[in-house]
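**Student:** Sharing a sequence plus its predicted fold:
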Amino acid sequence: MSESSVAVELQGIWKRFPGVIANSNINLKVASGTVHAIVGENGAGKSTLMKILYGMQKADEGTISINGAALVFNSPSDAIAAGIGMVHQHFMLADNFTVLENIILGSEPKSGGKLDFVKARKLISEIAAENGLAVNPDVLVSELGVGDRQRIEILKVLYRGANILILDEPTAVLVPHEVEELFNTLRDLKKQGFTVIFISHKLDEVLSIADEITVIRQGTTVGTVNPHLEKVSARDLAEMMVGNELPTPASVGNTIQDQVVLTVENLSVIATGGKAIVDGVSFKIRAGEILGIAGVEGNGQAEILNALMGIESATGKVMFQDEDISKKSTRHRRDLGIGFIPEDRQRQALLLEAPLWENRMLGHQTKAPNAKGFWLNPRGAKADTKRIVAEYDVRTPSIDVNASALSGGNQQKLIVGREMSNDPKLLIAAHPTRGVDVGAQAAIWDHIRNARQAGLAVLLISADLDELIGLSDSIKVLLRGKFVADADPATVTPQELGTAMTGAGRAA
Amino acid sequence: MNFRRLATSLVAPAIGLVVSLAATAVILISIDASVTVIFSSMWNYGTSPRAMTLMLNLATVYFLSALAVSIGFKMNLFNIGVNGQYILGSLAAAVVASNLQLPKVASITVTILTAMLVGAAWAGIAAWLKVARGVSEVISTIMLNFIAIGIISYLIVRTSIGTETGVNIRGTKLIPESGMLRGNAFIDPETKVYGFLFISIFVGIGYWFLLNRTRFGFDLRATGKSASAARTSGVQSTRMIVTTMLLSGAVAGLVGLPYLLGQTGSYNLQFPTEWGFIGIAIALLGRNNPVGIAFGAIFVAFLDVSSGQLVLEGVPREISTIMQGLIVIVVVISYEVVRRNQVKSEQRSVARALAKQEVSA
Ligand SMILES: Nc1ncnc2c1ncn2[C@@H]1O[C@H](COP(=O)(O)OP(=O)(O)OP(=O)(O)O)[C@@H](O)[C@H]1O
Ligand SMILES: [Mg+2]
C-alpha cells in the first residue's frame, strides 16, 4: 500500500432527519496510514457521518468507497467485513464480564462447536503486544478505569480485523496522561499501516496528532487542512468551524462570600466487596465559590456526586446551609436548590424517548414553571424550554422533538441550561462541557461565572484540566477515594496537576 | 404534524383490521366455509340492538381490565395478576354489598371502594415481593392468580359465605336491589346497558389526567422510560413500584363489578375468571392510551359477541379467538411500519422545503 492510496472516500453524502439536515453533500478523503481528524460545532453532523460509514445509519444519497472499491453498508457487520471498526463515545462494554470475554463477545472463536479460549487469549496478547495496549485479560471490566476501558474497546475493534478505526470523541473523558498514552497507541497503529478517523472538540489535541483535519460546518465539509504542510492554530480551526474566537477560561475576581453552603464531613462510600471507594473526604463550599476536584476517572468522583445527591448510600455527614441532609431523599435535596449535572448524561440526565420540554421537567418536576402543586404545567415547561434553547444555543428544529434527536453536545447544553434554571444555590457538576464545542463551552463558562457572582456555590469535576483550573477557586486532588493534595488554581499548571492526579508527585 | 400523528394512530389499527379480516377469510376458506355468508351474518347480528348492548357491556369490563394492565406497562411492570385481583375484589364486593342496607349511592360507593381495596391489597403482595425480595412480578402475580382461585372456591364451597343461589350453583348471598347498578335499556328494549359503563368512562378520564397532568404521572412515565434517569431526578423507585402496583390492582378490582352489579348480584362459582388476560392484549392494541384502549375493547367485545353466530353457521367458535390474536399482532407490527414511513416522509418534506430555498437563494 503506497502512502498516497485512499482508505476511505465518501462522496456526496446526504442525511436528513425530521426538521434537520445532518449531512449535506459531504465529501471526505482519508489517506491510508494516516490519522485524520474531523472537527466541527455541536450538531455539525460528525457522529452522523461516522454512523453512516459504520453502517449504523443509511445515507439518503452518496457513495462510500473503501480502498477504492465502492461498497454499500446495510449494517455494522457489513462495515466490519470491510475492515472498519468504531469506538463509540459512550463505551459499550459489559461490566460483569472479564476483559477477555468482552473482547471476544460477538465474534467468539470456536473449535468443534466449543469456545476456544486458549486461541482467543493467544490472539489477543499478540495484538496487544504489537500495539502497546497492555491489558490483563482476566480482570472484570467493572474494576477498570476509563483509560483501560478505552484500550479494550480499541483491542476489540482490532481483534475483529479492522484496519480502519473510527474514534468518536475518544479523549472527552481522559485526563492528559491518558490522552498521551492513547496518542502513542495511535502513532504505533499508524506506523503499521492502520488508518484512524478521529473526532474531537479539543483542538490542541487534534493539532498534535492529526495528519489531516477536515472541518464540518452545518453538515457540509468546508475544508481540509494538513498541519504538517501549513501552519494552522487552534484559533484558525475554530474560526473555520464557527467564525468564533477561541475562548480561554480565566477566573475573574474573587466572589467568595461568608455563608457556607455545603459542608461535608468524613464522607465514605463502601462498595459491595467492602472496599472504600470514597474514603473519608471532608470539605466546605461557600456561596460564590467553585471547588474543583481533580482526579483520574474511577477514583471515587462519581460516588461522591451520587452520595451528595442521595442516590448512593454513604456514611458521614452532609450539611446544606444549616440543615443536615445526610439521610434526606434525592428529591428533598433537589427541592432545596441543588442542581446536578451527572457524568453520564444519557443514563442519568435524559429521557431519550421524550420531548425536550418533558426533559426540561426532569429533576425539577416538583417546581414552577413545571408544576403547580400536584399538577403539571406543560405550558410553563414549554415556554421555559424555549428560553433554555435560546439562551444556551441548543440546536434543534423544535422543543417537541425527542432528546435522542439532539447531537451529544446539544443534549449537554440542554442539561446545563436546565440545571442552571430555578436559581440553584449549589451546583454539582461533572464535566459540564463534555462534548460541547469551543464556542458553546465559553458560553457555559460565562453562565457558571455569572451565577457564581450571584452567590452560586459549585462543586466541579472535570477531566478538562484547563477548565478546572480556569473556573475553580480552589482545587483538591482525589486519588483512590482520598484527597491527597490541594492545588492553587492561580499557580498550578495542567501538567503539574496531571502528575499529582496519578499520585506521582505533589501539586504546587 | 399533529394531524399526521392522528392519522398514524388511525392508519395502524385500520391496516390491522383489514389484514386480520383477510387472514380470517383465508382460514374460513381453508375449512370450506363461505366467507361472505359468515362475515355478513356476524355483521348483521353484531349490529343488532341486542348485540350492541351486550358488546358495550363486555367492552366496559375489557376496558377496565386493559387500563389496569396499562398502568403497569407505563413503567415496565407486568401485572399479569388482574385475574386474581378482580375475582377477589368482586367476591369481597359481593359479600359486603349483600350485607348493606344503605341508599343506592352510598351502597355502591362502599362496594366500589371494597373492590378497589381488595384488588390493591392482592397486587400489593406482588409489589412487596418485588421490592423486598426481588421476585419478578410476572411470576408472583401468576402464582397469586392460582391462589386467589383456590381461596375463592374454599370460601364459597366450605364456609358460610357461600349459599345455594340457583340450581346447583353455590355463590354469595344476593345483593339487595338498592345495591345494584343495573343501568338502562336505551339501545335494546330487552337488555340493559350496565350503569358501570359511565363509571368506567370516568376511570378512563381519570387515568389520562393522572398520567399526563400530575407530578405522580410524570414520575411514573419517567421511570418507565429510564429508571436510572428517574432515580437521579428524585423518584424513589421502590415507592414508585409499590404505588403503581397498588393503583393497577385497585383498577383491576373494578373489572368484575359491571357484571356483578349489572347482572348477577352474586359472586358464584360460574363467575368468569379470565378477563384479566384479554386486558393485556387490549392494552397492547390501544398502546396504553385510554382512547385506543376503548376502541380496542369495543372491537374485541364485538368479535366475542358476534362469534356466537359462527356456531350457528357450523364453524368453530375459536375462529374469533384466532382473529383477536391476529389483529393484535398485525396492529403492533403496522404501528411500527407506519411510524417508520412517517419519519421518512417528514424527512422528504424537509428536504423539499430546503431544496426550494436553495433555488430561490
Ligand atoms: N436520530 C436522529 N433523529 C433526528 N435528528 C438527529 C438524529 N441524530 C442526529 N440528529 C440531528 O442531526 C444533526 C447532526 O447530529 P450529530 O450527532 O451528527 O452531530 P455531531 O456533529 O456529532 O455533534 P456533537 O459534537 O454535539 O456530538 C443534529 O442537528 C442532530 O439534532
Ligand atoms: Mg457527536
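**Tutor:** Okay, I see it. Ligands and ions are numbered 1, 2, ... in the order given.
**Student:** what's the host helix or strand of B:Val138 packed up against?
**Tutor:** Assessed by DSSP states H and E, B:Val138 sits inside helix B:137-158. Counting contacts by 3 or more Cβ pairs under 8 Å, 6 or more residues apart in numbering or on different chains; DSSP states H and E, helix B:137-158 is packed against helix B:82-98, helix B:104-133, strand B:170-171. The C-beta positions use only the backbone N, C-alpha and C, and glycine is treated the same way.
**Student:** okay, the angle between the second one and helix B:137-158?
**Tutor:** Regarding helix B:104-133 and helix B:137-158, their directions subtend 130 degrees when assessed with axes from the mean of the first three to the mean of the last three Cα atoms, to 10 degrees.
**Student:** Helix B:104-133 vs chain A: in contact?
**Tutor:** No - Helix B:104-133 does not reach chain A (Cβ under 8 Å from any Cβ of the partner chain); its nearest approach is 15.7 Å.
**Student:** what's the spacing between that helix and its chain's center?
**Tutor:** 17 Å (Cα atoms, centre = their mean, to the nearest Å).
**Student:** Could you export the helices and strands packed on helix B:137-158 as TSV, including mean pLDDT?
**Tutor:** Formatted as TSV, those follow (pLDDT from 0 to 100):
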stretch	mean pLDDT
helix B:82-98	96
helix B:104-133	95
strand B:170-171	88
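**Student:** most packed of those?
**Tutor:** helix B:82-98 (a mean of 28; mean count of other Cβ atoms under 10 Å in any protein chain shown).
**Student:** Would you mind getting the angle between it and helix B:137-158?
**Tutor:** 40 degrees.
**Student:** Tell me who's in contact with the residue lying closest to B:Pro290 once chain neighbours are set aside.
**Tutor:** Computed as Cβ to Cβ, 6 or more residues apart in numbering or on different chains, the closest residue to B:Pro290 that is not its neighbour in sequence is B:Gly204, at 4.2 Å. Taking Cβ atoms under 8 Å, 6 or more residues apart in numbering or on different chains, we find B:Gly204 in contact with B:63, B:67, B:290, B:293-294.
**Student:** Out of those residues, which is nearest to B:Ile329?
**Tutor:** B:Ile293 (17.5 Å; Cβ to Cβ).
**Student:** How many neighbouring residues does the closest one have?
**Tutor:** 28 (other Cβ atoms under 10 Å in any protein chain shown).
**Student:** That one: helix or strand, and which one exactly?
**Tutor:** Using DSSP H and E, B:Ile293 falls in helix B:290-306.
**Student:** which element follows that helix toward the C-terminus?
**Tutor:** helix B:308-312.
**Student:** Other residues contacting that next one?
**Tutor:** B:38, B:41-42, B:45-46, B:316-317, B:319-320.
**Student:** 7 Å instead, please
**Tutor:** B:38, B:41-42, B:45, B:316-317, B:319-320 (Cβ atoms under 7 Å, 6 or more residues apart in numbering or on different chains).
**Student:** Kindly report the same for stretch B:175-184.
**Tutor:** Contacts of stretch B:175-184 (Cβ under 7 Å, 6+ apart): B:94, B:97-98, B:100, B:104, B:107-108, B:111, B:192-197, B:261-262, B:265-266.
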